[in-house]
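# Quick one: sequence and predicted model below, then my questions.
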Number of protein chains: 2
Amino acid sequence: MSANVPTDIRFSFAGLARRGGETGPHADGWGISFYEGRTTRSFHEPEPSSRSQLARLLRDMPIKSCIVLGHVRRANRGRVSLENTHPFSRELWGRRWTFAHNGQLKGVKRLELGAFTPIGTTDSEYAFCWMLGRLQTRFRTLPRPATLDRAVADLCAELHGLGVFNMLMSDSRTLYAHCGKRLCYLTRRAPFGKATLIDEDWTIDFARETGPNDVVTVVATQALTRDEHWTVVERGDMLTLREGEVEVLRGSNASADAT
Amino acid sequence: MSANVPTDIRFSFAGLARRGGETGPHADGWGISFYEGRTTRSFHEPEPSSRSQLARLLRDMPIKSCIVLGHVRRANRGRVSLENTHPFSRELWGRRWTFAHNGQLKGVKRLELGAFTPIGTTDSEYAFCWMLGRLQTRFRTLPRPATLDRAVADLCAELHGLGVFNMLMSDSRTLYAHCGKRLCYLTRRAPFGKATLIDEDWTIDFARETGPNDVVTVVATQALTRDEHWTVVERGDMLTLREGEVEVLRGSNASADAT
């Protein structure tokens, strides 16, 4: 989620949490990071979110944030453990970066790392460490948004060449979302309407929950609501989200697919 | 806490959490990190632990761990915010390091940093980043415990010279505790007895909760229980704790005090 005002994500999280072992097969851990300033409140468990006491508490706690990253895991590379539970996080340029990924990346561990070292054994965390190492080598301090966007998109394009790189990443300012296989998004702004979760019997009237100037975008692998229009992202494209507004950076692979 | 078997800390945490704004004045945030492998489950809030819904859940959730670091904050340098809430954490050598501190360090921000940059504005996080930068420069990979212990003790001694450096730090293998002003510890092992919290009306019979070979050490600024013998640490000394066993590294300042 990316929003222009601190927004609580209880509605979307309720849907996602059920996919963690109940309405979906992603029962090998879950995690969520809520940005607050340049750091996050983060919660991780290597157990199914659908049966978690902590996830239940978060469904009830209105933590408000402008950027939230959530993930439910279905393990392929790397055993089920806390160390392998997304979102991963590292500090770079005095900001906490977070990263979540679905997919497999063939040969990613042959890429040379910089100063960031994986704690666990997933392809995903390795890819994250590689990306941050490259960014740190290239820029001494946080670059301007457009410059960083381009650099991140280039790194995504390299990883996209190795397999499935469905990814969310944030530096506390921008939320990056790369479509490796399947990704969609939805922007809510006035006039607000109602929405019903696909994974749970919950309808919300956003007109009652939001202010007239709120802009909130939700990105997900699969649509979370049944009665709203979700935009499908092309494979190889990357989204940049700032204050709820979405920009699409076309990937070279996406163009290649289209020919 | 340091233990030789995964141990839950609900009893001690109940006492600590009340000091965060109820039986103590440390109402400006709280945090706790439970090690699991080379990473942690961490929880932080910039609000008083004594009134926290999340802290209440953790009092009930039996998270078992061999190393736990907890902190309740009374702000002096750095405003009340999530960014300034201990324990701070960073990855070094593929392990998550955590750090919590009480005290003030005059002129610490004049020390030159390495590759780790503070996210918030506290003296504490600055000192942590400085320590990790120095360790990273000196050792390419995780050194043997005795070598690392000595290096950490030397860095502690430098910081101790700047003010009050009451500190806990861990690399997932060892728990370091430095006494800047006030610190005490207690090792529980067979035969186990009963203990009663100072801050809450709770008596526990450890004979019922533990196995015969368990060794569990708790370190705190002030004793948490009223009916056990807590050992007071000398100013300038540093403890290393591994699997519940304590070793004392005498600091040069401590010797100076004693003359």
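Here it is on my side, so go on. Here the structure is a predicted model, which means the values were calculated and not measured.

# Which residue lies nearest the spatial centre of chain A?
With distances taken as Cα atoms, centre = their mean, residue A:168 lies nearest the centre of chain A, 3.1 Å away.

# Give me the pLDDT value at it.
Per-residue confidence at residue A:168 stands at 98 (pLDDT).

# Which strand residues bridge it?
Counting by DSSP bridges, residue A:168 forms beta bridges with residue A:100, residue A:177.

# quick one: contacts for it?
For residue A:168, the contact set (Cβ atoms under 8 Å, 6 or more residues apart in numbering or on different chains) comprises A:69, A:71, A:87, A:98-101, A:175-177, A:219. (Each C-beta comes from the backbone N, C-alpha and C, glycine too.)

# In JSON lines, list those along with neighbour count and pLDDT.
Output for the contacts of residue A:168, formatted as JSON lines (neighbours: other Cβ atoms under 10 Å in any protein chain shown; pLDDT from 0 to 100):
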{"residue": "A:69", "neighbour count": "26", "pLDDT": "97"}
{"residue": "A:71", "neighbour count": "26", "pLDDT": "96"}
{"residue": "A:87", "neighbour count": "26", "pLDDT": "98"}
{"residue": "A:98", "neighbour count": "29", "pLDDT": "98"}
{"residue": "A:99", "neighbour count": "24", "pLDDT": "98"}
{"residue": "A:100", "neighbour count": "24", "pLDDT": "98"}
{"residue": "A:101", "neighbour count": "26", "pLDDT": "97"}
{"residue": "A:175", "neighbour count": "27", "pLDDT": "98"}
{"residue": "A:176", "neighbour count": "23", "pLDDT": "98"}
{"residue": "A:177", "neighbour count": "27", "pLDDT": "98"}
{"residue": "A:219", "neighbour count": "24", "pLDDT": "98"}
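
# Near chain B, which residues of chain A are found?
Within chain A, the positions near chain B by Cβ under 8 Å from any Cβ of the partner chain are A:36-45, A:53-54, A:57, A:61, A:81-83, A:90-96, A:115-120, A:136.

# Am I right that residue A:75 sits in a helix?
No: counting by DSSP: H, G, I helix; E, B strand; the rest coil, residue A:75 is not found in a helix; it is coil.

# Can you tell me, leaving aside adjacent residues, what's nearest to it?
residue A:28 (4.1 Å; Cβ to Cβ, 6 or more residues apart in numbering or on different chains).

# again, but for residue A:195
Leaving aside its sequence neighbours, residue A:195 sits nearest to residue A:225 (Cβ to Cβ, 6+ apart; 4.3 Å).

# Quick check, pLDDT for the one you found.
Value listed for residue A:225 in the pLDDT field: 96.

# What of residue A:78?
86.

# ok, now residue A:258?
40.

# Also residue A:6?
Predicted confidence (pLDDT) for residue A:6: 97.

# Also residue A:161?
Residue A:161 is assigned a pLDDT of 97 by the prediction.

# That one - how many residues pack around it?
Number of residues near residue A:161 (other Cβ atoms under 10 Å in any protein chain shown) recorded here: 14.

# any weak-confidence spans in the stretch 51-200 of chain A?
Within the stretch 51-200 of chain A, no stretch has pLDDT under 70.

# Break down it into its helices, ranges please.
Per DSSP state H, counting those that start in this stretch, the stretch 51-200 of chain A carries helices over the ranges A:53-60, A:123-138, A:145-160.

# Quick one: closest of these to residue B:210.
Among the helices of the stretch 51-200 of chain A, the nearest to residue B:210 by Cβ to Cβ is helix A:53-60 (24.0 Å).

# Show me what counts as buried in the closest one.
A:54-55, A:58-59 (16 or more other Cβ atoms under 10 Å in any protein chain shown).

# Could I get those residues in a markdown table, plus columns for distance to residue A:233?
Below are the buried residues of helix A:53-60 laid out as a markdown table (distance: Cβ to Cβ, whole Å):
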| residue | distance to residue A:233 |
| --- | --- |
| A:54 | 30 |
| A:55 | 27 |
| A:58 | 27 |
| A:59 | 27 |
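
# Tell me the one among the residues you listed nearest to residue B:201.
residue A:54 (27.0 Å).

# hang on, the closest one packs against residue A:45?
Yes: counting by Cβ atoms under 8 Å, residue A:54 does reach residue A:45; the two are 6.1 Å apart.

# Pull out the buried members of the residues of chain A next to chain B.
So, by 16+ other Cβ under 10 Å, the buried ones in the residues of chain A next to chain B are A:36, A:38-45, A:54, A:81-83, A:90-96, A:115-120, A:136.

# Show me those that map onto strands.
A:36, A:39-45, A:90-92, A:95-96 (DSSP state E).

# show me the residues around residue A:197 that make contact.
Here residue A:197 is in contact with A:11, A:14-15, A:203, A:224-226 (Cβ under 8 Å, 6+ apart).

# Need the residues you listed in CSV (columns: neighbour count and secondary structure).
Formatted as CSV, the contacts of residue A:197 follow (neighbours: other Cβ atoms under 10 Å in any protein chain shown; DSSP: H, G, I helix; E, B strand; the rest coil):
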residue, neighbour count, secondary structure
A:11, 20, helix
A:14, 20, helix
A:15, 22, helix
A:203, 12, strand
A:224, 25, coil
A:225, 23, strand
A:226, 12, coil
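
# Tally up the residues packed near residue A:137, please.
10.

# oh sorry, the question was meant for residue A:246
Neighbours around residue A:246, by other Cβ under 10 Å: 19.

# Look up which residues are beta-bridged to it.
Taking DSSP bridges as the rule, residue A:246 bridges to residue A:241.

# residue contacts, the residue nearest to residue A:122 when sequence neighbours are not counted?
Leaving aside its sequence neighbours, residue A:122 sits nearest to residue A:78 (Cβ to Cβ, 6+ apart; 3.8 Å). For residue A:78, the contact set (Cβ under 8 Å, 6+ apart) comprises A:84, A:120-124.
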